[in-house]
Each structure stands twice: as structure tokens, then as C-alpha cells.
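Student: coords please:
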Amino acid sequence: MSEVKKRRRNREREEALKRSDQCIYCGEKADSVDHFPPRSFFREGQWPKNYAFPACMACNNGKGEDEQVIGKFLKMQNLDPVKDPDFQKFVDGVRMSRPDLFEKIKVIEGEEAKRALRELAGNDESAAKLAIDGAKVIDFPASLNNFLTNFSGWLGRSLYFQHVGRIHLGEVFTRIFTLQAFERPELRRSLDLHIQRPTIARGKDLSKQFYYRYLVMDRTFSGFIWFGNPQFIFSIVASQNPTVLELNRQFERGGFCIRIPPVKKKGHEGC
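Tutor: Here you go, the predicted model:
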């Protein structure tokens, strides 16, 4: 590692630990810095500036393997599974870190792929927009949902800290939408209400790799987040407002979102 990079990392570590002496994921003492979203999500290691967070070593290290799987999955969404040589590279990476997932990842085509596209998009017209170079679909195992749910919790806690300025160990509510879902007027209106847009850069614009629109009000962070060419969009709400919490609990009971439960730690006053 060059001296310039070492100095930059040391400076980011100092700045992150000045923001809080507690881990943003569990509330315990912070003794490391977590770059989130992780560097592996970005090309050429160009992770965005100012997205370094105080974390304990256990949380920082404990989520590393999940991040690798999710990062590869997100990158695979932007590739043609048949023609793009990088697709196989990402599959090989998942196979090495999580062989149980690799065994269940497959490329489907023909009529099976057309049915899958119709289910994903909702109708034949929207499915036709998704079908590029013939109907080829990557079929991922249902167990990937657990990774994405965990990832949504980390997103909610890190972005709450980033934009509200406090540690949030309470509930996080998430739903993952396909891009085509935003053809629905009510979802488009909701997206339009999220008017704040962060600067995602490190010397150059990184918003084509990571981007979100958000709203902060009354101890609540609400955002729509996506990576690369969005095949799907994360909707995340993290709040310490009782009214917002109850509303989202109703959404959860109606099957509209998933509730990620609070982190239970003693002696933490941040939530």
C-alpha cells in the first residue's frame, strides 16, 4: 500500500472515530472503521468519500462474508450471464465463499425464463422490456433473501447515522422493489417525495455504482437505494418516532415490508 493511501485511511479512521465512540451496528465500543457500502461493491476500489463509520471489530469482521456474497450478486445483476466473461468470475467468487449458494444459482432460458420474467414484471409488456438478447434469467436461491435482509439492516443503521447523526439500534423496515414496480403512480409519488440526493464521489462521480434518494424528518430516515443499473431498489425506513414505527408495523402485518428487529444491547442511550 502506498504512503498516500495509508495516510488517507488513517485520516478516515480518525474522522470516523471522532463521530462516535460506539459501534453504529450494536452500540458497543468502536475500535475499527467500517467502509459501507464496502469497497468490494465498487470498481477499482473507489468507494465513496465520507462513508466510513465507527464499528466494533466483531461487527466489522462478522459481516464481511455476507458483504462479499451480496456485492457479487449486485454486480451479477448488471451482466449478461451467457456473453459477459465477468459473470463467470463473480459466480466463481460466490462458489469459493459460499458453495451452498453456488449450487443453487443457475441460468434459465426459453419458456421457463419467460414465465419468470412475467412473474417479476407483472405482465407481458413489462417482461418484454426486461428480456434482452433473448429471455435469459439468473435464478437465485430463496436463501439469498436472508443476505439481502441483513444488508438492508446495515444500510438502514449506517444511513441513519450518516444523515440523522445518531446511532439507531431500533427497528428497520425494508422492502425490495423491482424497477418496473415504479411504474405504479403511488410508488412514483413516494419516490418523488424523497427529494434529498447525496454526493456520491471520491475524486470522480460514483453515483452510477451507488445512489439513493432520501428524506429525513423527526428522527426518521427514509430512503430508496440502488446499486449499478438497478434491477431492484431497496426501500428502507429507520425511525425512532413512535407514530412512524406503528405505521410501518401495520405495513409489516399487511405483508408490505419486512421488519428487522432492534439490536438488544445494555447501556446504550442512542435509541
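
Student: Touching, Phe173 and Gly254? I think so.
Tutor: No. The pair Phe173 / Gly254 is not scored as a contact, 12.0 Å apart, by C-beta atoms under 8 Å. Using the backbone N, CA and C atoms, a C-beta is placed for each residue, glycine as well.

Student: Pick out whichever of these two has more residues nearby.
Tutor: Phe173 (25 against 8; other C-beta atoms under 10 Å).

Student: mind listing what the more buried one touches?
Tutor: Residues near Phe173 by C-beta atoms under 8 Å, 6 or more residues apart in numbering: Gly156, Ile236, Val237, Ala238, Asn248, Phe251, Glu252, Cys257, Ile258, Arg259, Ile260.

Student: So which residues make contact with the host helix or strand of Thr243?
Tutor: Here Thr243, judged by DSSP states H and E, is contained in helix 242-253. Outside of helix 242-253, the residues within contact range by C-beta under 8 Å, 6+ apart are Gly170, Glu171, Phe173, Asp218, Thr220, Val237, Ser239, Cys257, Ile258, Arg259.

Student: Just grab the bridge partners of the third one for me.
Tutor: In this case it means Phe173. Val237, Arg259 (DSSP bridges).

Student: buried ones in the helix holding Thr243?
Tutor: The neighbour-count check on helix 242-253 (16 or more other C-beta atoms under 10 Å) flags Val244, Leu245, Asn248, Phe251, Glu252 as buried.

Student: Report the mean confidence score over it.
Tutor: Mean per-residue pLDDT for helix 242-253: 95.

Student: unless I'm mixing things up, Leu206 is touching Arg39, no?
Tutor: No. When contacts are counted by C-beta under 8 Å, Leu206 is not listed as touching Arg39 (11.5 Å).

Student: who has more neighbours, those two?
Tutor: Leu206 (20 against 14).

Student: How about the more buried one: what's its closest non-neighbour residue?
Tutor: Leaving aside its sequence neighbours, Leu206 sits nearest to Ile200 (C-beta to C-beta, 6 or more residues apart in numbering; 4.7 Å).

Student: Kindly report the same for His168.
Tutor: Sequence neighbours aside, Tyr160 is the residue nearest to His168 in space, at 4.0 Å (criterion: C-beta to C-beta, 6+ apart).

Student: about what we covered before: using CSV, write down the CA coordinates of the helix holding Thr243.
Tutor: Extracted C-alpha coordinates of helix 242-253, given in CSV (Å, rounded to 0.1, in the frame of the first residue of the first chain):
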residue,chain,number,x,y,z
PRO,A,242,-43.4,6.2,17.6
THR,A,243,-46.0,7.2,15.0
VAL,A,244,-43.8,6.2,12.1
LEU,A,245,-42.9,2.9,13.9
GLU,A,246,-46.5,2.0,14.4
LEU,A,247,-47.4,2.8,10.8
ASN,A,248,-44.6,0.6,9.5
ARG,A,249,-45.6,-2.2,11.9
GLN,A,250,-49.0,-2.1,10.3
PHE,A,251,-47.3,-2.3,6.9
GLU,A,252,-45.4,-5.4,8.1
ARG,A,253,-48.5,-7.1,9.4
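
Student: Domains in this structure, by residue range?
Tutor: 3-64+145-260, 65-141 (automatic domain parsing).

Student: Between these, which has the poorest mean confidence score?
Tutor: Across the domains of the chain, the lowest-scoring stretch is domain 65-141, with a mean of 61.

Student: Serialize the buried residues of helix 242-253 to a markdown table and add fields for distance to Asp66.
Tutor: A markdown table is the format used below for the buried residues of helix 242-253 (distance: C-beta to C-beta, whole Å):
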| residue | distance to Asp66 |
| --- | --- |
| Val244 | 27 |
| Leu245 | 26 |
| Asn248 | 24 |
| Phe251 | 25 |
| Glu252 | 23 |
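
Student: Tell me the one among those nearest to Leu179.
Tutor: Distances from Leu179 to the buried residues of helix 242-253, taken as C-beta to C-beta, are shortest for Phe251 (20.9 Å).

Student: how close does that closest one get to Gln240?
Tutor: Counting by C-beta to C-beta, to the nearest Å, the gap from Phe251 to Gln240 is 17 Å.

Student: now Phe173
Tutor: When Phe173 is compared with Gln240 (using C-beta to C-beta), they lie 13 Å apart.

Student: just checking, Val164 touches Ser222?
Tutor: No. When contacts are counted by C-beta under 8 Å, Val164 is not listed as touching Ser222 (11.0 Å).
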